[in-house]
Each structure stands twice: as C-alpha cells, then as structure tokens.
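Engineer: Model the structure of this input:
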Amino acid sequence: LVPSCFHWIGGLVWVWLQSGSLIQQTGIMRDLIALLTFLAFTSAAAKPNAGLKTWSRFSKLPYPGDKAFLYDTFPEDFIWAVGTAAYQVEGAFEKDGKGLSIWDTFTRGGNRMATGDVGSDSYHNIHADIRAIGQLGVSHYRFSLSWSRIFPNGTRGSYNKIGTNYYRTLIKRLKEIRVQPVVTLYHWDLPDHLQQSLGGWSNPELVGIFKDYADFCFHTFGDDVKYWITIDNPFVVARHGYGTGVVAPGIKNDPDLPFRVGHNLLKAHAAAWHLYDRHYRPRQHGKLSMALASHWIKPSRTRLESLRECQCSLDHVLGWFARPLFTDGDYPPCMKARLGSRLPSFTQEEREQVRGTADFFALSHGAALSFQLINDSLKFGQQEDLDLRMLLYWVNAEYDRPYVLGNTKTEDPKHMYYLKTFIAEALKSIIIDGVNVIGYTAWSLIDGFEWHREYGIRRGLYYVDFNTPDMKREPKTSATFYRNVIQRNGFPELPENRPAQGVFPCDFAWGVSSTPSQFADPSVYRWNVNNGELMRLEGFSSPPLRRNTHCADYVDEIRQMGVNHFHFSLNWSALVPSGDVARPNAALLGYYRCFTRQLLQASVTPVVTLWHHTRQRSSLPAPLDTANKWLNRSDTPEAFADYARLCYRELGAHVKIWITLNEPNDEMVSYQEGHQMLRAHALAWHAYDREFRHLQGGQVSLALHMDWVEPAFSFSREDVEPAKRVLDFFVGWFAEPVFGSGDYPLGMRSWLRQLNSLDLPVFNEEDRRLVKGTYDFFAISHFSTKLVTHAKEDSQFLFHDVVLAVFAKVKEHYSDVPVYVMANGVQEDPARFKDSLRVYYLYNYINEALKAYTLDGVNLKGYFAYALSDQRDPGFGLYGQVHEEVIVKASLSNYRNIIQHNGFPVQGAEPQQCPSLPQPCLGCHVLTKRPVVGFLTLVGSGVLITLGLIIYYSSRRHKECY
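Structural biologist: Got it, this is the predicted structure:
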C-alpha cells in the first residue's frame with residue numbers, strides 16, 4: 001500500500017472512550033450507559049504499558065483462521081459517517097469577510113504551485129454536498145469550522161456573521177436529511193493574524209484565545225451538535241507545522257519547538273473541554289475529544305527489549321497526547337526519559353487540568369503515520385506495519401477499553417479494497433477482541449485540496465470536476481462500495497459464505513500432484529538427471545534382497561494418502577534425448593512403465609503430463625532446444641506429436657488420463673511460442689483420437705494455470721473491464737482457441753490493436769480447424785487470486801475464496817465441460833508439520849469446490865492437491881521429511897479425512913452408497929498390441945479348428961463302432 005500525504009490512505013480510526021467522571025449519557029449512546037459509567041470509573045486505573053501484551057496476544061491466535069474474513073454485522077446503532085476539512089473543500093478564501101488562514105499564506109510561499117482558494121467550492125455548493133451525503137446513507141457528517149471565517153483575525157472582536165451563517169445553514173440542511181453533525185473546531189487552519197502577531201501555537205496565549213473561540217462555537221451551534229473534536233491530529237500540527245516545516249505555518253530550525261507547541265495544544269484542548277463540561281454539557285448533552293494519530297509498529301526481534309522499543313515508538317507519537325488525556329495527565333515515561341529537559345513539564349495543577357479531558361478516543365491510523373512523515377528516529381529500530389486491529393487492541397489495553405469510530409481516506413478503487421479491510425478489522429475488533437467500536441467515518445466526501453500534495457491526488461468518495469463552473473460532483477466506485485456496506489451494516493453472512501455440507505459423486509477423482517523420482521529395485525543405478533541415462537552399478541544391491549521388485553519407494557506413501565489418482569510429468573528431453581523417437585531412452589521408458597503399473601496395483605490411477613512448462617529450462621530435446629525451440633513451426637509441434645505417440649504406445653495401457661501441456665500460459669511465453677504450443681497440443685490430441693482412443697479408451701487435454709482475476713469492485717465497469725481483459729490474456733489466450741471459437745479472444749485482439757501491437761499471430765483456417773475442440777476435459781491449476789483495478793493491472797496476490805467464480809467462469813464460457821483441478825495448494829514453511837495454513841486452505845478450497853458442484857451444477861470431476869512431499873516440491877508437500885524420516889503433516893491427515901468421507905457429509909445422514917470399483921486388469925494391455933492380437937487370433941483359430949476336427953472324427957468313429 002503506497003503511503004500518501006496529509007490524509008490517510010488506510011484507516012483513520014476514531015476510538016471513543018468515556019473518560020470523564022460526571023458525564024451523563026443520552027441520545028444514540030443511551031444503550032451504552034452502564035458500560036460508559038464503568039469506564040468512567042476505571043479509566044484512571046489503566047495500567048501503564050498494559051499494551052505490551054498486544055504483540056504476544058496476537059502471535060498466539062490461531063493461524064490462519066484468525067486472518068480469515070469475518071462475515072458479520074456491526075451493532076444496530078453503529079455510526080456510519082463521512083468527513084471533510086474546511087480548507088480542503090470550502091474555497092471562497094476571501095469571500096464574505098473571511099480572514100486569511102496560515103494555509104492561505106503558506107500556499108503562496110516557497111515553490112508552491114497551487115492553493116486552496118477555490119478547493120471544491122463547498123461554500124457555494126451546500127446543496128450538492130448535502131445531496132452526496134444523503135446518497136451515501138450515512139448517519140453522521142464530520143466537518144471542520146474555518147476559524148478565520150468566523151473570527152477573521154482569530155478573536156471575538158472580529159466576528160463575521162455571514163461566515164457563521166454558512167455553518168448554521170449547513171447544520172440545518174444536515175438535520176433536514178437526518179444526519180448528525182460532528183464538528184471539528186481546529187483542522188490545521190489557524191487564523192494567520194494569530195500566527196503573525198503571536199507566533200501561533202508556540203505562544204501560551206493561544207490557550208485562552210482558543211477557549212474563547214470554542215465558547216462561541218458551543219454557544220452558537222451546540223444545541224444541534226452532539227460530537228465535538230477540538231483539534232485534529234496535534235502530532236502533525238506540532239511536529240510538522242512547527243518542526244519540519246512541511247505543513248503550515250512551515251516553521252523549522254528549532255528542534256524543541258514542537259514539544260512546546262504540543263504542550264500548548266493539550267492545555268488549549270483541556271481548557272475547551274472544561275468549559276464545555278461546566279457550562280454546556282448539562283443542557284446540550286454532547287461529547288468532546290481530540291483526534292489523535294498513530295502508526296503501528298512490530299518488533300524486529302522477539303526479545304522483550306524489542307517490544308519495549310515498539311511501546312516507546314507508539315508513546316512518542318500517540319502516547320505524547322493520549323497519556324496526558326486518558327491516564328495520568330503527564331507524558332509517557334519513555335518520552336520523558338529520552339527527551340529530558342526538551343520536553344515541557346506539567347505542574348500538579350496542570351496534570352489535574354489535563355487528565356480525563358476526553359469523552360471518547362479519536363484515533364487516526366494509516367499506511368504510514370502522518371503521510372510518510374514518521375522517520376526512522378521514531379521507529380527505534382523496529383518495523384512499521386499496517387494493522388488497524390492490533391492498534392485498536394493496544395489502545396483498548398493501554399487506555400482502558402475505548403469506543404471506536406473509524407475514518408479512512410482513499411485514492412481510488414484499489415485503495416477502497418483497503419477501506420474494506422480496515423472496516424473488516426474494526427468488525428473483528430468488536431466481535432473477537434471486545435473493543436467497543438461504535439462508528440466509522442470515510443474520508444473524504446469529495447475531492448479537494450490535498451494539503452502539500454495539492455490537487456495531485458484525489459481522495460473523495462465523489463469525483464469533483466474542477467473544470468466546471470459548479471464543481472460537478474459524481475459518485476466514484478468508493479461511494480457505491482461504502483453505501484453498500486452501510487446498507488448492509490457490514491458484511492452479513494450469505495448462504496454462499498457458509499460451509500457447504502454434502503458429498504462428491506462416487507467416481508470423483510481424488511488425487512495429488514508431484515514428480516516421480518528414480519525407481520528402486522534390488523539393483524543400484526546411477527542416473528544422469530540431465531539426460532535420463534541409467535547405468536547399473538555392478539556389485540551393489542539394495543537390502544533387503546527378498547523384497548518385491550518396485551519402481552518407486554513412495555507408491556506406498558501415495559496409497560496411504562487415500563487418493564485414487566496421482567498426477568506426474570514426463571521429461572521429454574530425457575525420454576528422447578536425441579529428438580528421434582526411434583531411439584528413445586529404453587531404461588527410462590521401462591521405469592515409467594513399471595511406475596504406472598505399480599500405481600494401478602495400488603488402486604491409484606496415473607495421470608500423466610507429456611510436457612510441463614517451467615521457466616528454468618525448456619525440457620525440449622537438445623536439437624529442438626538449440627533451434628528456436630517452440631518458434632520452429634515445422635519441427636517442434638510435429639516432434640511433440642511423435643513424442644506423444646511414443647508415450648501413448650508405450651504407456652497407454654496403464655494411463656487413461658493424459659495432459660499434453662501443463663501450464664503453458666505463462667507470462668514469460670511469447671504469443672508466437674504459445675501459438676506453436678497450441679498447434680503441438682492439437683496434433684498430439686488428434687494423434688490419440690485417431691490412433692489410440694478406440695483401443696485404450698483414454699482422455700486427453702491440456703492444463704492451464706488459472707489465477708482468478710477479480711475486479712476490486714465488481715459494480716464498477718472501470719474495474720470489471722480490466723479484470724475481463726486480464727482473464728482473456730492469461731486464460732482465454734489458450735482456452736478460447738481450444739474450448740471455444742478456435743481463435744484468440746476478441747477482447748485480447750482488440751486491446752492489442754489499441755496498443756498498436758502486431759504480436760498476436762493469426763490462425764489460418766487450417767490451424768483453426770486443427771486446434772478447435774481438441775479437449776476431453778478442462779484442467780486447471782489454481783493457487784491464488786489477483787485484484788485488478790482500472791488504475792493498475794499488475795496486481796497484488798490475495799488469499800481468499802473465489803473458487804465459485806473460477807468454476808462459474810468455466811461453465812459460463814464452455815458449458816458443461818468436465819473440469820479437473822489438476823493442482824491446488826499453498827506454500828508454507830517446510831518445518832511446520834502442523835501446517836495450519838495448508839489445512840485451512842485445502843479445507844476451504846475443497847468446500848468451495850463442493851458448492852460449485854452441488855449449488856452451481858459445475859461438472860467437477862476431480863481435485864488434486866499439490867504436492868506430495870517437500871522432498872520433491874519444497875514448501876508444498878503434504879509429507880515432510882527430516883533426514884530419512886518421512887513425516888505425515890496435519891494437512892495430509894485432514895485431506896485423507898475429506899477423501900474418506902468423499903466430501904463433507906451431513907452429520908447423522910446415511911453413508912453414501914457407492915458401488916465397488918472394478919479392479920484394473922493389468923494384463924489386458926497385451927490385447928492392445930496389434931501384432932500380439934493377430935498372433936493370438938491365429939493360434940486361437942488353429943486350436944478351435946483342431947478341437948473341431950477331433951470332436952468330428954471321434955464322433956464318426958463312435959458311430960462306426962455302433
């Protein structure tokens with residue numbers, strides 16, 4: 001996730017914590033009276049550094065189950081909101097008596113290119129903003145007051161009635177559509193007169209001035225406002241307004257000034273809170289707090305000292321303001337110890353004045369705290385991370401059970417996926433962690449001036465056309481998404497989200513995919529893996545000598561898994577090193593013949609791939625490998641067809657399911673190479689169909705790598721189109737010529753034309769007829785999911801269940817074609833024999849596959865887990881290995897259990913009745929050889945004739961005797 005500046009890409013999470021001791025609860029919070037009162041009593045007793053347990057707690061949660069998406073809904077009274085900031089959207093910077101703010105001045109200095117003079121012109125577009133708010137369906141709207149619009153020079157004596165009436169009108173319109181206002185008094189736009197005359201927030205006099213400004217706002221708007229934010233993100237104001245100079249007022253060069261500014265901000269907030277508490281709360285019944293900001297940090301090592309450094313990092317950013325407000329009225333001990341005299345100190349009276357001056361905990365969290373403005377000095381050697389849920393838990397522990405209102409700012413539909421993630425994490429915080437999240441605010445309502453990023457990025461839920469006179473607003477994908485979440489109050493579980501119960505058909509193919517190794521018999525061989533040559537070592541034998549001859553020690557491992565199919569690949573270059581099928585590697589052919597026979601003896605059906613594409617090497621015979629490889633139109637496809645005939649002839653008696661090409665649709669394969677691969681597949685398929693099928697009765701197809709590609713938001717045409725395009729390029733590229741029209745997808749060809757690319761070959765009529773329909777089933781390898789948006793199509797891998805979508809796509813395009821999942825698995829640390837990630841992955845994938853079969857009618861014929869063992873496929877194996885010992889992993893036991901039950905039968909239901917499968921006839925392959933059949937026919941005919949003559953003459957002799 002790319003961090004952004006001055007509004008969060010990730011979550012701005014507002015945590016609402018009851019902290020005052022005499023607050024009465026009314027309005028929408030009345031259902032929480034008992035809990036809030038309890039919090040008011042216990043919050044002062046929060047244990048310092050209680051958040052240290054966070055990292056340990058989350059490290060012990062079940063993996064990956066805890067990471068699974070949680071389908072559930074938020075509480076009935078959950079607050080859904082959207083927000084803006086005055087300087088970003090209002091415009092009208094000199095209209096109707098408004099005074100200059102520090103941002104008006106700051107944007108005219110240095111090398112600034114744009115200003116917020118117009119922004120989104122919300123000052124003249126209340127009706128458009130209200131319409132957008134109403135369309136979203138939110139219950140609350142957070143906006144900030146422009147201090148210099150109400151008091152142009154910052155003090156009451158400069159009161160501006162017209163500016164004040166703008167906010168009266170806005171609040172009135174909100175009430176008309178039943179949306180509650182959440183009002184921020186100060187969102188970074190200090191009246192410039194206060195900065196120029198007093199030095200801004202560096203001057204303690206601003207405490208009293210801010211209190212008077214707050215008093216006016218409480219008196220003027222308070223009857224209609226129940227939620228107040230005094231100051232937004234004081235960390236940014238202090239550190240970057242008065243330290244780094246990145247934001248207004250742009251002051252730097254005094255490293256201690258930010259701490260003095262932060263001190264004044266805390267005292268100003270406390271003064272406003274006490275004012276409200278004493279004079280306005282009894283009548284207005286509102287709540288008031290400061291909006292704080294934080295990153296998240298994880299330890300670089302598991303030592304306790306690393307955890308303490310993480311705690312200290314959070315204390316320097318969040319705790320700087322949170323601890324004085326919510327704990328003891330003083331700064332965190334870690335800050336005091338490291339900063340010493342640089343950090344101002346509170347008197348005992350000031351501590352009592354500051355402590356407990358927050359009615360809720362408003363927490364901002366994003367991809368990188370303060371928009372790339374957390375440098376390494378605040379990380380203390382630890383690693384910054386993006387984890388809203390852990391941060392919520394930390395705040396919950398450190399500051400005694402907060403109430404959370406979340407807020408996020410986003411740039412485009414792809415980032416709205418992260419909005420979904422943050423909301424889902426807030427939901428988990430409620431359901432699983434017990435954090436009292438009461439609301440979420442999406443930021444921002446509309447595009448506007450993005451602080452020092454100016455207009456270079458857009459974060460609104462509504463697109464603003466800055467080139468139109470009325471600043472036309474149009475809903476983005478993000479608005480539609482957020483509206484849908486609000487309407488559903490979260491992510492309610494749908495029938496398709498629930499685990500399926502049922503079984504697969506009796507003839508379902510349960511398999512595992514891997515690569516066979518050298519066979520073992522009583523002799524010892526030396527095998528050159530490069531050319532497949534086997535050389536027997538004289539004088540050596542493998543004990544025990546009395547064992548039965550067998551070709552692979554791990555056939556028993558395959559059988560013990562409970563599978564009835566085993567998928568492996570042949571090596572073309574090893575079987576036919578010279579490229580001449582008349583001179584094959586007889587020893588290797590004998591090995592494969594023996595291996596497939598032994599699989600049948602173990603009641604396991606072999607599934608054989610003729611050529612498995614790998615990026616490391618071509619696996620083509622040497623003459624073809626050095627001569628343009630697959631680009632050789634005349635030689636390579638024909639040579640592959642001859643190689644296929646050799647395999648069919650020699651192994652076809654034992655093999656009834658063939659894969660010609662496995663995963664040829666790789667992005668490293670050129671379109672020209674892919675074209676010849678399609679021809680090679682078709683020639684091999686036709687060879688089997690014409691010459692071997694009637695004798696062997698097998699099936700042939702190709703297997704495609706099919707990472708499902710889904711739009712970030714399926715209701716956005718801008719996202720759906722690139723998702724379809726990616727599917728066309730990576731799946732339809734091979735699927736459409738074979739299973740569909742005999743040509744490449746129209747979308748693929750038209751897109752390449754738009755790019756002025758002539759790389760995609762053209763099928764002539766002969767090739768079209770050759771390729772089209774050359775399949776007996778649809779085989780896929782499926783491992784992950786890609787998220788695709790209009791903005792960027794080189795996408796990020798995501799792990800979640802989209803199996804139904806994969807199978808539905810196959811059925812939609814290619815009707816009732818039989819489907820095999822030829823390889824499916826997930827990589828996990830080989831040392832984890834309790835491979836919980838793989839257990840979770842296989843269980844859920846197979847369950848989703850059952851839904852495709854039972855609910856959607858997909859003609860699913862088989863499922864193959866990948867892979868057999870770590871020895872041959874490191875990190876993917878269901879068997880592990882330590883030295884010579886084979887270890888049965890947890891995933892294997894779980895997979896075997898699923899196979900034994902043929903799925904997920906309903907508890908208490910009658911067992912599935914399946915007829916006994918016929919045992920393979922291992923000698924029947926003799927009958928498939930024409931010369932042998934002819935010889936046996938001749939001998940049989942002679943025997944019959946001889947028997948007939950004997951019977952005839954015996955009968956005749958008997959009659960003569962009579």
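Engineer: Next, the closest residue to residue 233 other than its chain neighbours: secondary structure please.
Structural biologist: Leaving out its chain neighbours, the residue that sits closest to residue 233 by Cβ to Cβ, 6 or more residues apart in numbering is residue 293, at 4.6 Å. C-betas here are computed from N, CA, C, even on glycine. Following DSSP: H, G, I helix; E, B strand; the rest coil, the label given to residue 293 is strand.
Engineer: just the one 4 residues further on next, same as before
Structural biologist: Under the three-state scheme (three-state DSSP), the conformation of residue 297 reads as strand.
Engineer: residues touching it, list them.
Structural biologist: 310, 313, 314, 379, 382, 383, 384, 385 (Cβ atoms under 8 Å, 6 or more residues apart in numbering).
Engineer: for residue 809, helix, strand, or coil?
Structural biologist: Classified using three-state DSSP, residue 809 is helix.
Engineer: That one: how many residues sit nearby?
Structural biologist: By the criterion of other Cβ atoms under 10 Å, residue 809 has 19 neighbours.
Engineer: Could you do residue 156 as well?
Structural biologist: Using other Cβ under 10 Å, residue 156 has 13 other residues around it.
Engineer: how about low-confidence regions in the stretch 651-800 of the chain?
Structural biologist: 707-728, 784-800 (pLDDT under 70).
Engineer: picking up where we left off before, any of the contacts of residue 297 buried? List them.
Structural biologist: Neighbour counting with 16 or more other Cβ atoms under 10 Å marks 310, 313, 314, 379, 382, 384 as buried within the contacts of residue 297.
Engineer: can you tell me which of the contacts of residue 297 are in strands?
Structural biologist: Among the contacts of residue 297, the members falling in strands (DSSP state E) are 383, 384, 385.
Engineer: could I get the residues you listed as TSV with pLDDT?
Structural biologist: Formatted as TSV, these follow (pLDDT from 0 to 100):
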residue	pLDDT
383	88
384	85
385	83
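Engineer: Residue 573: which of those is nearest?
Structural biologist: The shortest approach to residue 573 among the ones in strands among the contacts of residue 297 belongs to residue 383, at 45.1 Å (Cβ to Cβ).
Engineer: Tell me how far the closest one lies from residue 278.
Structural biologist: 45 Å (Cβ to Cβ, to the nearest Å).
Engineer: How is this protein divided into domains?
Structural biologist: 55-491, 519-552+564-824 (the TED database).
Engineer: if you average pLDDT over the helix or strand containing residue 290, what comes out?
Structural biologist: In this assignment (DSSP states H and E), residue 290 forms part of strand 287-294. The average pLDDT for strand 287-294 rounds to 91.
Engineer: Helices of the stretch 701-850 of the chain, start to end?
Structural biologist: For the stretch 701-850 of the chain, applying DSSP state H, counting those that start in this stretch gives helices covering 717-727, 733-739, 746-754, 765-771, 803-814, 836-854.
Engineer: returning to what we had before: output the strand holding residue 290 as CSV, nothing but the C-alphas.
Structural biologist: C-alpha atoms of strand 287-294 as CSV (Å, rounded to 0.1, in the frame of the first residue of the first chain):
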residue,chain,number,x,y,z
LYS,A,287,-19.3,14.8,23.9
LEU,A,288,-15.9,16.3,23.2
SER,A,289,-12.4,15.0,22.5
MET,A,290,-9.2,15.5,20.5
ALA,A,291,-8.4,13.4,17.3
LEU,A,292,-5.1,11.7,17.7
ALA,A,293,-2.9,9.9,15.2
SER,A,294,-0.7,6.8,15.2
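Engineer: Mind listing the strands it pairs with, and their directions?
Structural biologist: Its sheet considered, strand 287-294 pairs with strand 227-232 (parallel), strand 362-365 (parallel) by DSSP bridges.
Engineer: Can you report phi and psi for residue 609?
Structural biologist: The phi and psi torsions at residue 609 (degrees, to the nearest 10) take the values phi -100, psi 130.
Engineer: Run through the residues that contact it.
Structural biologist: 567, 568, 569, 570, 658, 659, 660, 661, 662, 703.
Engineer: what pairs with it across the strands?
Structural biologist: For residue 609, the beta-bridge partners are residue 569, residue 659 (DSSP bridges).
Engineer: Thank you kindly, that will do.
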